[in-house]
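K.L.:
pasting the sequence and the predicted coordinates here, then a few questions.
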Amino acid sequence: MSANGSQQLHGTNVAPDIDTGLEARTKDALWFLARQWQMGEFEAENGGLPMQVQVTARVYPLRQVYLGNGDAPIDLHAPLEQQVEDEVGQTTPAGWNSAALDYDFGLGTDRHRLKARGYDGRALNWHDFTLTQRGAAEGEDGDLSMIPGQLQIPGLPDPRFWQVEDRDAYFDTGEAAEPNILSVLLPEFFYADIKNWYMIPAPMPSGAVREVEQLVVVDSFGIATELGPAGARDDGDDWSVFALDRDSAAPTDASTLLCLNTAAKVGENDLIEEVRFLRDEAANLVWGWERQLTDPETGLFATVLETREEQETVSPSTDALRFRLKSETARSFIPYLPRQTAKQPAVDGDIALRRARSGEEWSSANPQYRGQIVAESVFLNEEDIPRSGVRIRRMHRFARGSDDQVRFWVGRDKDVAGATRKPRLSFDDLLPTGGEGG
């Protein structure tokens, strides 16, 4: 009996065994048949289950890494990050683009040429590359015969009747910040369509390109069906996951797969230098702030605390004023001024940022900058400096190669600068003098 006076009935099994409950008998088979007919399950779709996948493919190991205007043989045992970022034997890494503040480099096989643009020094992966060239060389045999496995995601309904499912992943609720169609489609995908997705285990050597020439699926009825690459049809299907972009108007190439010889994890050690490039809309320029530096003479690392102009000494005993053309800024703030890149600005309005100086005492013989990053970046691409700013770091890095050897190198990464204080630059000021005035 509940508090409001209503009654609730609960069924109780008083049998001494549980055989009847475990049988899960169907009391009304006709209802199930009608329900199947209503949902269209009696329509023939030749829905055999895939039992075997046969792949005809060729494998092409990576041979060269292209940095700047040169190339070098690639070491497949060493992490690719080291071979791209390492500064050993040179002041600036050959793959570093000082105007865009990131890495541009390429990879090559006997048949393919791949280009990576805009690598920011963090989490190098296959989707950073574009297929730019394909030759006629023959690769190694990469044929496979595999058994596909059904796609598994935590929270899926288990096919076994009495198996306990994961309670931490429950998609029926459709919880969302506000009602939307995706919260309805997600449970439908999990419960109705998930059994139509399969995964194929396709082992592949690291540091290689695989070209899939043919893929044949044999189902449980013995029917062999050849599948083409994604995106190759003309029916508007633009599915392109795992597909390499192409450096042309041609569609993506889903038959070419890239597996890089990158490190499982890159460790970071001592910081050498940190520079933040910050927009200053009021002054119409970009500041290159050398925030943290390593002294080239002593080798000591220090944080530059010069973030504001020197305060003016004001005497309250006088009302005399003086004119100041421009306020002083700290040496660690190097200005970058906008410059037209075309000889006829009226025709081409492209803007570049040119490194300048904030005081007459600085010159080529006595530069204002003290770090390596600003020294390299005479020009910056205006479009590569967002309003949120850019942070560039040079640091010692290390990783373990496939030969179990530990590699050490100096690398860089590019990130968002975030909230950062800017120098208080001002022009045409009237300030009180500290004496008789003048």
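P.N.:
Ah, there it is.
K.L.:
where along the stretch 1-150 of the chain do the strands fall?
P.N.:
With DSSP state E, counting those that start in this stretch, the ranges of strands along the stretch 1-150 of the chain come out as 50-61, 64-67, 70-73, 96-97, 102-108, 112-119, 129-134, 140-141, 144-146, 149-150.
K.L.:
adding distance to Gly267, write these out as JSON lines.
P.N.:
(C-beta placed from N, C-alpha, C; glycine too.) Formatted as JSON lines, those follow (distance: least, CB to CB, whole Å):
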{"stretch": "strand 50-61", "distance to Gly267": "27"}
{"stretch": "strand 64-67", "distance to Gly267": "22"}
{"stretch": "strand 70-73", "distance to Gly267": "24"}
{"stretch": "strand 96-97", "distance to Gly267": "21"}
{"stretch": "strand 102-108", "distance to Gly267": "19"}
{"stretch": "strand 112-119", "distance to Gly267": "18"}
{"stretch": "strand 129-134", "distance to Gly267": "24"}
{"stretch": "strand 140-141", "distance to Gly267": "33"}
{"stretch": "strand 144-146", "distance to Gly267": "34"}
{"stretch": "strand 149-150", "distance to Gly267": "34"}
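K.L.:
in CSV: the ones you listed, plus mean pLDDT, distance to Arg339 and mean neighbour count.
P.N.:
Conversion of these to CSV gives the following (pLDDT from 0 to 100; distance: least, CB to CB, whole Å; neighbours: other CB atoms under 10 Å):
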stretch, mean pLDDT, distance to Arg339, mean neighbour count
strand 50-61, 93, 44, 17
strand 64-67, 94, 28, 19
strand 70-73, 90, 30, 11
strand 96-97, 93, 19, 21
strand 102-108, 94, 21, 22
strand 112-119, 91, 23, 19
strand 129-134, 90, 30, 17
strand 140-141, 90, 51, 11
strand 144-146, 92, 56, 14
strand 149-150, 86, 58, 12
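K.L.:
so which of those is nearest Ser402?
P.N.:
Using CB to CB as the criterion, the shortest distance between Ser402 and the strands of the stretch 1-150 of the chain is 13.1 Å, found for strand 50-61.
K.L.:
taking strand 112-119 as reference, get the angle to that closest one.
P.N.:
Here strand 50-61 runs at an angle of 90 degrees relative to strand 112-119 (axes from the mean of the first three to the mean of the last three CA atoms, to 10 degrees).
K.L.:
quick one, strand 50-61 and strand 102-108 angle?
P.N.:
What separates the directions of strand 50-61 and strand 102-108 is an angle of 100 degrees, with the same axes, to 10 degrees.
K.L.:
and of the strands of the stretch 1-150 of the chain, who's closest to Pro79?
P.N.:
Of these, nearest to Pro79 by CB to CB is strand 64-67, at 12.0 Å.
K.L.:
list the contacts of Asp415.
P.N.:
By CB atoms under 8 Å, 6 or more residues apart in numbering, the contact list for Asp415 reads Asp120, Arg122, Val390, Arg391, Arg393.
K.L.:
then Gly411?
P.N.:
Shown in contact with Gly411 (CB under 8 Å, 6+ apart): Glu81, Gln82, Glu85, Asp86, Glu87, Gly121, Val266, Arg394, Met395, Arg397.
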